[in-house]
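Participant: Turn this into a structure:
(2 chains)
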There are 2 protein chains.
Amino acid sequence: MATASEDSESTYEQFLDHVRRLHYVGDAGGVLNWDQQVMMPDAGTPARAKQTSAISTLHHELLTDDALADWLDELDDAELDPEQEAVVREVRRDHERATRVPADLVERISEASSNALPVWKEAKAEDDFDAFADTLEELVELRREYAAAIDPDRDPYEVLFEEYEPYLGIDTAEDVLTDLRDALVPLIDDIGDSDVTLADPFEGTYDDDTQHDLVETALDVLGYDWDRGRLDTAPHPFSMGTQFDARVTTRFTPADPLDALGSTIHEFGHATYTLGLPQEDYGTPLGDNRDLSVHESQSRFWENHVGRSRPFWDFFTETANDHVGTDATAQQFYEASNEVYDDNLIRVEADELTYHMHIIVRFEIERDLIRGDLDVEDVPEVWNDKMEEYLGIRPDTDAEGCLQDIHWTNGAFGYFPTYTLGSVLAAQLDHHARQDIDGFDDHVRAGEFGPIHDWLTEHVHQHGARYRTDDLVEEATGESFTAEHFLDYADEKYRALYDC
Amino acid sequence: MATASEDSESTYEQFLDHVRRLHYVGDAGGVLNWDQQVMMPDAGTPARAKQTSAISTLHHELLTDDALADWLDELDDAELDPEQEAVVREVRRDHERATRVPADLVERISEASSNALPVWKEAKAEDDFDAFADTLEELVELRREYAAAIDPDRDPYEVLFEEYEPYLGIDTAEDVLTDLRDALVPLIDDIGDSDVTLADPFEGTYDDDTQHDLVETALDVLGYDWDRGRLDTAPHPFSMGTQFDARVTTRFTPADPLDALGSTIHEFGHATYTLGLPQEDYGTPLGDNRDLSVHESQSRFWENHVGRSRPFWDFFTETANDHVGTDATAQQFYEASNEVYDDNLIRVEADELTYHMHIIVRFEIERDLIRGDLDVEDVPEVWNDKMEEYLGIRPDTDAEGCLQDIHWTNGAFGYFPTYTLGSVLAAQLDHHARQDIDGFDDHVRAGEFGPIHDWLTEHVHQHGARYRTDDLVEEATGESFTAEHFLDYADEKYRALYDC
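Facilitator: Have a look, this model is predicted:
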């Protein structure tokens, strides 16, 4: 007869086999998506949609499997070590959320989002919000229903937000976003009033091959592991993969090579996080990344705190000049990388500061929509008012206003704040990495990125999803999640750049 | 209350949903494989193996699902139209074979093949058959066990052969292979005795870009639908996809651009079959290809009966000269495309005639192994004896002999004959297409391949797997499957080329 501990060992092993299988199926779906974005001819869409949906359904069935419920019940009382407890915690959370949502609601949301896509595209092309209003109303209602299915007693926006960021807490998110709004609006105002014009060393256009070589070289020098990845182009850059194979995509803006460079370094940060996860734990939460805020902190760390720093340009200027045929100084590239666009209406074209205003507008609107405090018909006006209030500009069209992003069409409410939380966490990690790494800037100036990789691997990557996000932040930095470092960084950097 | 016919309609619809899902999951696995062969860095292998295995397992579970068994039972007595009957016939066959094989045997075979791969590679590299003998013995035994699980009362080789070619019959296969052996051995002898030396217009080496442009142009002129496909390179060329997206891969031999050209046209034939399947039936046997022999007939049709024909070279010579910088005549390219290598030991480098001798050697050996009429330890000697008997050459090493192919290591016994059956069927289709298409050769000379596409689509592609293979051959050609046309074609073409 098996002892109690042998029993739970065996339950845990069976549970873990199932968890791995679930993970492998999810990653297979990731490969289908990468192929669709990067390689597939458009005509392949109908078949790929069927394949992707079949894989999603199987994933959902594995996640809501009764056997998994039974194992989780049994493991409730089992003696587990901290790693096992972490695995059970993460899987239980996903399982419980998935089982609470009725299958037909999942299907209705999926169908509504599919149907919404052409409606949104048409409405955006025609600058006709009214044509999208009923669809948006339906998507909001479905997501409210979704949140109620998961927990009818809690704020529905909080529940949705936790889909993307489970452990930082909606209160923290609101506080951080409010702090940023209060601090950045006057800073951006001052920048707008500044007489300083930052350098722009670029003229004319730069062909794709030139830009491809530039960003490939950047990946090289930053230490991208080409043996475990690849670089391709995609209409909307993203990264995809596992700790065995994490790929980067990019795209090129003819007039501005820094656009591709920043975007590539951003995706490099995502891929580098993935590549730093422990290989031996592949398939379990211990070998999986933490959620969106942490992922975004890794991309923003490399994009902003390395790639947009003056020391980086001290190192990379000669290479950049050689590639694109400019004759710029490090300071000129540094300035060009950090120009603040206070008249820009489009989120994805925003700089490091105004970006967060774009996020805050979306966050406040989607929160109020989901909470029932805002009617869909009022979205355009509220959007435009907020843009005016926070950035001093008012969109002329809804196409450049509340219709610009795909997120709501996809049914993703609660996602936007994680972009800002990621930037804020990047600054917090940067602050502490600089305390731990002697001569951080000297290393960057010398093109020695190994110590930074090592620090991020040791403090973030190697832990996978072992710690809750809040605990991971504590573990990595010795303090709670805070906007303080981001605000200091922004103030110091941009007041110096704009002499304001 | 539902009427009987409504009941069976509803059963059929549920059954069909399941069948489609099964198919989508299988195709998802195909995308993972394409990515692995074409795009994935090698380091991705451990994770990809897990993902692929998880998808295979889910596919197997869907195929052996009790619900599917129940639907098949119910549909046994249902009134179905001929299309529905065809769908049920194909799914029943796959389901029954899959359910008869115990899961643990499937796993043991999969494991044994995985383990066999490095052993075979090492044995081949070291030219040490003894190091592989026990592994081969195990693979043979496992496949005998597999055949017995499916049907213990039938010839195990026949059962295995039907895995790849279910409807032509092992007797037909044996007759065809024997006919070819009897007819081609003297023809190849005569060619060997001929004083004719065929032209070789190539000198030196040709870089990958040059060859890539050449084969891309060939795909263009042959009518490859680039909107539903793409061309990439792979170590072992193959094609993959659906009627919405069917891709071609190729590889380049520096000294011989005709190698890549023939291989690309071969894969084009496979892809063109896939692209000709009805889109509205995607996910069911009506929208799926027939088995390996028919697939191979499509690749061989384009590769040999078009691409290696004199009319094709009348059309393509100028283009080829322009690309590779030769100054050859159509006759010279025609000769170079059709040289018979009677001293070649390697199957994949064989020409249109000796290829089948390579197949016959493998067929006779694997058949006798599986039937228990040949011991593994005797394989090298029997292989060498047969090579000497059929081709007049004897390998010096087992690396160039019985260790050269990966098929047995993969556990694939019964696969080899389908290569020859495909070539034979290609000639039969070619014979009848020429009767139906006025001025077949004139069309080819003019680069008008539309009528050939149309004929193949009408007679083969559009039917999917609606007909059994033997019935499809009857339907397409008005006669049973026969080697007669291949033998006539081979005799006429090669006796003219070699003046013998």
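Participant: Now do the helices in the stretch 151-300 of chain A.
Facilitator: A:156-164, A:170-193, A:208-222, A:257-276, A:292-300 (DSSP state H, counting those that start in this stretch).
Participant: Just the CA atoms of the second one, as PDB, please.
Facilitator: By that I understand helix A:170-193. Below are the C-alpha coordinates for helix A:170-193, written out as PDB (Å, rounded to 0.1, in the frame of the first residue of the first chain):
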ATOM      1  CA  ILE A 170      -6.300  47.200  -9.600                       C
ATOM      2  CA  ASP A 171      -5.800  49.700  -6.700                       C
ATOM      3  CA  THR A 172      -2.100  49.700  -7.400                       C
ATOM      4  CA  ALA A 173      -2.700  50.100 -11.100                       C
ATOM      5  CA  GLU A 174      -5.100  53.000 -10.500                       C
ATOM      6  CA  ASP A 175      -2.700  54.700  -8.100                       C
ATOM      7  CA  VAL A 176       0.200  54.300 -10.400                       C
ATOM      8  CA  LEU A 177      -1.800  55.700 -13.400                       C
ATOM      9  CA  THR A 178      -3.100  58.600 -11.400                       C
ATOM     10  CA  ASP A 179       0.400  59.400 -10.100                       C
ATOM     11  CA  LEU A 180       1.700  59.300 -13.700                       C
ATOM     12  CA  ARG A 181      -1.000  61.500 -14.900                       C
ATOM     13  CA  ASP A 182      -0.500  64.000 -12.100                       C
ATOM     14  CA  ALA A 183       3.300  64.100 -12.600                       C
ATOM     15  CA  LEU A 184       3.600  63.800 -16.400                       C
ATOM     16  CA  VAL A 185       0.900  66.300 -17.500                       C
ATOM     17  CA  PRO A 186       2.900  69.200 -16.100                       C
ATOM     18  CA  LEU A 187       6.200  67.800 -17.300                       C
ATOM     19  CA  ILE A 188       4.800  67.300 -20.900                       C
ATOM     20  CA  ASP A 189       3.500  70.900 -20.600                       C
ATOM     21  CA  ASP A 190       6.900  72.200 -19.700                       C
ATOM     22  CA  ILE A 191       8.400  70.300 -22.600                       C
ATOM     23  CA  GLY A 192       5.800  71.800 -24.900                       C
ATOM     24  CA  ASP A 193       6.800  75.300 -23.700                       C
END
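Participant: gap between that helix and the chain center?
Facilitator: Helix A:170-193 has its C-alpha centroid displaced from the chain centroid by 20 Å (C-alpha atoms, centre = their mean, to the nearest Å).
Participant: which parts of it are buried?
Facilitator: Under the neighbour-count criterion of 16 or more other C-beta atoms under 10 Å in any protein chain shown, helix A:170-193 has A:170, A:172-174, A:176-177, A:179-181, A:183-185, A:187-188, A:191 buried. For the C-beta atoms, the positions are set from N, CA and C on the backbone; glycine is no exception.
Participant: what's the closest of these to B:Lys493?
Facilitator: Nearest to B:Lys493 among these: A:Ala173, at 75.1 Å, using C-beta to C-beta.
Participant: ok so, going back, for chain B, find the nearest of the helices of the stretch 151-300 of chain A.
Facilitator: helix A:257-276 (9.7 Å; C-beta to the nearest C-beta).
Participant: what packs against the closest one?
Facilitator: With contacts taken as 3 or more C-beta pairs under 8 Å, 6 or more residues apart in numbering or on different chains; DSSP states H and E, helix A:257-276 sits against helix A:208-222, strand A:239-242, strand A:245-250, helix A:292-300, helix A:310-324, helix A:330-337, helix A:450-459.
Participant: and those as TSV, adding mean neighbour count and distance to chain B?
Facilitator: Output for the helices and strands packed on helix A:257-276, formatted as TSV (neighbours: other C-beta atoms under 10 Å in any protein chain shown; distance: least, C-beta to the nearest C-beta, whole Å):
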stretch	mean neighbour count	distance to chain B
helix A:208-222	17	14
strand A:239-242	25	4
strand A:245-250	26	3
helix A:292-300	25	18
helix A:310-324	19	22
helix A:330-337	20	30
helix A:450-459	17	17
